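Colleague: The following comprises the amino acid sequence and a computationally predicted model.
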Amino acid sequence: MIKEVYITETNCITPIGFDVSANVENIGKEVSGIQLHDNPKLLNTSFYASIINDADLDLAFAKVTLANNYSRLEKMMILALEPVIKKSKVVQNERTAFVLSTTKGNVTALENENIEPAYLHKLAKTIADFFEFKTEPIVVSNACVSGVLAVSVAKRLIQSEMYDNIFIVAGDEVSKFVLSGFNSFQAMSDSPCKPYSINRNGVTLGEAVAAVLVSSYKENAKVKIIGDGSINDANHISGPSRTGEGLYRSIQSALAEAKINNDQIAYISAHGTATPFNDEMEAIALNRLGMENVPINSLKGFYGHTLGASGLLETVIGIQSMIESKLFVSLGFDVIGVSQPINIIKKNEDKDIQYFLKTASGFGGCNTAVVFEKVI
Amino acid sequence: MTANKTYIQSFCTIQNNQISLNGDVVFSMEPSAFADFSKKAYQHFEISYPKFFKMDNLSKLAFLGAELLLKSESDSSTENNTALLLANKSSSLDTDVKYQNSIVDPEDYYPSPAVFVYTLPNICLGEISIRHQLKSENSFFIFADYNPVFMEKYSNILLETQKADKVLCGWVEYYNEDYKAFLYLVDKKGILEHNHEQLKKLYNQ
């Protein structure tokens, strides 16, 4: 018998709240973290982004520790993980693991020609040492699927009986590095991003950290993780497959493992970056799967694209949707702008959700899908 | 979960201007820069894949290793479900530094999408997937050091849960001309037993 795996604690640090309830309250009120920024130190033109206020961050961090030798991202990660660890009462031993998901970590250290802090394993060690983990940190760095892939990895490691509890923290920061990069791709939206809309023209970047506890113990379980898949398009390194092949197969793999049919999924928390190609690809993959009528949203309209954090952040909010039996609006959507029909959530509404699907896709042709079941 | 035995079908090491396959040296040259070494290796193995020259060094390193191990695999016209599982220490830091240099000076600001895309370590998985048409499970991990215990466990999970039929695993580390690749193909059948002691031994050979 294969072990059952649960998510038992969640938290997130975002521009619209420093815990899950504040985030959900703001989502309910359609408050977005995206604002216009004019900061030449980040980008030589004004840009939209969802950025955490430094003073708020420092104030919240000072309540956790007086230590001040941490980078901005490290502070966000410690803040996100601290209540999760505290509430869980999990003992730090060789059966407790730590997974860190990020794409760029402390890449801002390179601005000062400081190489050492930019190593992702060093970032993981810093966070692990703060919480006195006894096992070596596992860093997942798989572009924009990293956050949800980390959930899949944790589930698999627990099923293999390597660990009983795995804490995940997923985070990325808005930096000159990523802003200039997405800008060089001409992939940045000149207005707050509009996933799946006719007038969408690119991503809005954001920063956030999410944290969860993945556990083999059912006590306090919020959801059960029942299937997952992470399959590559084998098509292009900087654009998705036109047919959505990898996403299609990832969802198929996750549903097959979950042993449920596509019509049992009540809600899809999709990737929806608002680039023309990504959103179109998702619509095609979902139609190929016969899932075009399942209510779907992208949370990028609230948070922007938070890169390595996004998959876990959106999972955390999706779990809350399930617990509160609420579908949240896909903010920024106006008129459908993909060639195949999908059922975009246009306003907050009540709905019982027994199963939900989280998906993500990213550079390198990667895709991940994870299916969650409500725990009664 | 049942613990069926798994096997190392073949393995490949690339370091110090030398490439060995299953323990035998198949290519070596006098000390030179990685760019030159990788180009000479590409020519030596008569690889015909012009995209190779657009890749960053980490992708070139992983690509060359995969090329030797998957050569016979990709002849088959049937789809093969070989997962990719790679890890390293320096992520894409070599290209990160190169990219950072292109944005540091406002007077000499030249960010390039062709460089930026390689500032993610999993791009090398994408390159291998495209080359060998592997629509399969793939993941990239970072550790402070080569971690055979984790690699053994995770590749066995992929096989036991039938997410993959085979797994191309390995360590692909590249930073500032300092490099080492150790890649191997794990299968459910074979002769050489797949376990972390064996992986440690082969890595250090």
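Modeller: Structure received. Residues are numbered from 1 along each chain as shown, chains lettered A, B, ... in the order given.

Colleague: can we go C-alpha only for contacts and neighbour counts from here?
Modeller: Fine.

Colleague: what about chain A, any weak spots by pLDDT?
Modeller: Applying pLDDT under 70 to chain A flags residues A:1.

Colleague: and the longest helix for it?
Modeller: Longest helix in chain A by number of residues, with DSSP state H as the criterion: helix A:72-88.

Colleague: and that one, which residues are buried?
Modeller: Residues A:73, A:74, A:75, A:76, A:77, A:78, A:79, A:80, A:81, A:83, A:84, A:85 are the ones in helix A:72-88 that count as buried (16 or more other C-alpha atoms under 10 Å in any protein chain shown).

Colleague: Pipe those into CSV and attach distance to residue B:133 per row.
Modeller: Below are the buried residues of helix A:72-88 laid out as CSV (distance: C-alpha to C-alpha, whole Å):
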residue, distance to residue B:133
A:73, 37
A:74, 38
A:75, 41
A:76, 39
A:77, 37
A:78, 40
A:79, 42
A:80, 39
A:81, 39
A:83, 44
A:84, 41
A:85, 42
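
Colleague: Provide the secondary structure category for residue B:26.
Modeller: The three-state assignment at residue B:26 reads strand, by DSSP: H, G, I helix; E, B strand; the rest coil.

Colleague: Residue 193: what's it in contact with?
Modeller: Here I'm looking at chain A. Counting by C-alpha atoms under 8 Å, 6 or more residues apart in numbering or on different chains, residue A:193 makes contact with A:200, A:201, A:202, A:203, A:204, A:273, A:274, A:300, A:301, A:304, A:332.

Colleague: think we crossed wires, I meant chain B
Modeller: Taking C-alpha under 8 Å, 6+ apart, we find residue B:193 in contact with B:5, B:6, B:7, B:8.

Colleague: In helices only, show me those.
Modeller: Per DSSP H, those never map to helices.

Colleague: most surrounded residue in those residues?
Modeller: residue B:8 (24 neighbours; other C-alpha atoms under 10 Å in any protein chain shown).

Colleague: Disregarding residues adjacent in the polypeptide, which is nearest to it?
Modeller: Excluding the flanking residues, the one nearest residue B:8 by C-alpha to C-alpha, 6 or more residues apart in numbering or on different chains is residue B:186, at 4.7 Å.

Colleague: what does stretch A:278-289 rub up against?
Modeller: A:195-196, A:239-245, A:247-248, A:252, A:262, A:272-273, A:292, A:338-342.

Colleague: Write the ChimeraX selection for whichever of those are buried.
Modeller: Applying 16+ other C-alpha under 10 Å to the contacts of stretch A:278-289 leaves a buried subset, and the ChimeraX line that selects it is:
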select /A:195,196,239,240,241,242,243,244,245,247,248,252,262,272,273,292,338,340,342
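
Colleague: any idea which residue sits dead centre in chain B?
Modeller: In chain B, the centroid-proximal residue (C-alpha atoms, centre = their mean) is residue B:62; its distance is 3.0 Å.

Colleague: Against chain A, how distant is that residue?
Modeller: Distance from residue B:62 to chain A, counting by C-alpha to the nearest C-alpha, to the nearest Å: 14 Å.
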